[in-house]
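Colleague: mind folding the following:
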Amino acid sequence: MNINKILSVLWDYVLMTVGSFLFCFAWTSFLIPNGLASGGLTGLCTIIQYGTGIPIGWTYPILNVLLLVLGFLSLGKGFGFKTIYVIGLTSILFEILPQFPQLVVLMDEKLLVALVGAAMESIGIGLVLLRGGSTGGTDIIAMLINKYWPVSPGRVYLLTDMIIVTLLLFVPGKGLVDMIYAYVVMIGFSLGVDFVLLGNKSSVQILVFSQKYKEIADHMISNLDRGVTALQSVGWYSQAESKVLLIISRKYQMNEVVNEIKKIDKKAFVSVSTAMSVYGEGFEEVKTGLKVKKPVWNKQQGIANE
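Modeller: Here you go, the predicted model:
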């Protein structure tokens with residue numbers, strides 16, 4: 001194992017440690033002290049205990065072990081070991097952090113607590129998932145579904161947690177108000193996770209209307225390494241034929257692309273719109289649930305070999 005790989009593995013565990021701390025801190029300092037609930041495997045096991053009498057000490061490890069086995073089989077051993085590390089670390093932190101009452105934040109405004117807790121929790125989980133780990137429970141379900149189908153982890157969390165939180169209505173001592181605040185935490189958490197995981201992968205579609213389209217296209221390809229498609233166009237008022245440039249770029253590269261266009265032609269008309277999904281070379285692969293063997297391109301023969 002070379003030094004770069006060792007440093008990469010260490011960096012994974014550093015970020016997962018930070019993420020685990022943020023996740024536990026959100027619960028022990030904000031959500032739990034203020035009486036707020038949410039979804040997740042812990043919530044499900046608690047509801048099972050209330051409804052059947054089976055203690056959470058039995059259902060929580062059994063369900064987590066089952067999900068870990070699925071994680072091992074579908075996501076690889078690296079995922080499983082990292083998840084075991086995070087589950088062990090969060091279990092310890094959930095025991096240690098409550099011992100420091102000075103870290104508890106009590107507020108009368110529960111909506112603000114819900115939003116802050118959700119934001120901190122989503123950042124923590126996002127860091128863990130980015131490095132290939134998980135806190136167990138619905139995290140594993142989210143990663144399994146996201147591997148085979150183009151469904152964002154945040155949406156998986158939202159769907160499973162909606163089902164779990166709705167069950168609060170059948171739990172003694174809980175009511176509609178508790179469920180509403182739980183939904184606030186869930187929605188904030190879902191949006192936050194998607195932002196952390198997908199923020200840098202978000203793409204934009206840029207349309208460029210300029211008389212200097214050839215110069216702009218050459219500059220994009222040569223200097224910014226961006227693909228450009230020239231579309232035939234006709235100005236309806238002038239009936240003048242021209243080219244409209246279509247450029248797909250990552251969202252974080254958008255300002256650079258637009259600035260370079262304006263350097264070449266200050267009068268260029270630039271339209272930017274969000275692309276929900278972009279599949280292809282340099283972007284995302286299509287997730288269909290099937291393993292597709294990628295062809296190997298033979299440059300000499302100009303054909304693709306299977």
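Colleague: burial count for residue 237?
Modeller: Using other C-beta atoms under 10 Å, residue 237 has 5 other residues around it. Glycine gets a C-beta too; all of them are placed from N, C-alpha and C.
Colleague: and if you look at residue 116?
Modeller: Applying other C-beta under 10 Å, we find 18 residues neighbouring residue 116.
Colleague: mind checking the SS state of it?
Modeller: Here residue 116 is recorded as helix under DSSP: H, G, I helix; E, B strand; the rest coil.
Colleague: ok, residue 174 next?
Modeller: coil.
Colleague: so what's the nearest residue to it once chain neighbours are set aside up against?
Modeller: Leaving out its chain neighbours, the residue that sits closest to residue 174 by C-beta to C-beta, 6 or more residues apart in numbering is residue 168, at 4.5 Å. Going by C-beta atoms under 8 Å, 6 or more residues apart in numbering, residue 168 touches 37, 47, 174-175, 178-179, 182.
Colleague: quick one: least confident of those residues?
Modeller: In terms of pLDDT, residue 47 ranks lowest among the contacts of residue 168, with 69.
Colleague: coming back round to it: just checking, the residue nearest to residue 174 is part of a helix?
Modeller: Yes - according to three-state DSSP, residue 168 belongs to a helix.
Colleague: ok, it to residue 43 distance?
Modeller: Separation of residue 168 from residue 43 (C-beta to C-beta, to the nearest Å) stands at 8 Å.
Colleague: now list whatever residues contact both of those two.
Modeller: Common contacts of residue 168 and residue 43, defined by C-beta under 8 Å, 6+ apart, comprise residue 37.
Colleague: just name the closest of the contacts of residue 168 to residue 149, please.
Modeller: Comparing those against residue 149 with C-beta to C-beta places residue 182 closest, at 26.3 Å.
Colleague: part of a helix, is that closest one?
Modeller: Yes - assignment of residue 182 by three-state DSSP places it within a helix.
Colleague: against residue 111, how distant is it?
Modeller: 12 Å.
Colleague: excluding covalently adjacent residues, which one is nearest to the residue most central in space within the chain?
Modeller: The centroid of the chain falls nearest to residue 197 when counting by C-alpha atoms, centre = their mean (2.9 Å). Residue nearest to residue 197 in three dimensions, not counting chain neighbours: residue 126, with 5.6 Å by C-beta to C-beta, 6+ apart.
Colleague: which residues touch stretch 61-73?
Modeller: If you take C-beta under 8 Å, 6+ apart as the criterion, stretch 61-73 is touched by 41, 44-45, 79-80, 83-84, 87, 134, 136-137, 140-141, 143-144.
Colleague: who's more crowded, residue 182 and residue 111?
Modeller: Each of residue 182 and residue 111 had its neighbours counted (other C-beta under 10 Å), and the higher figure belongs to residue 182 (24 against 11).
Colleague: what residues are up against that one?
Modeller: By C-beta under 8 Å, 6+ apart, the contact set of residue 182 is 36-39, 165, 168.
Colleague: change it to 7 Å
Modeller: By C-beta atoms under 7 Å, 6 or more residues apart in numbering, residue 182 lies in contact with 36-38, 165, 168.
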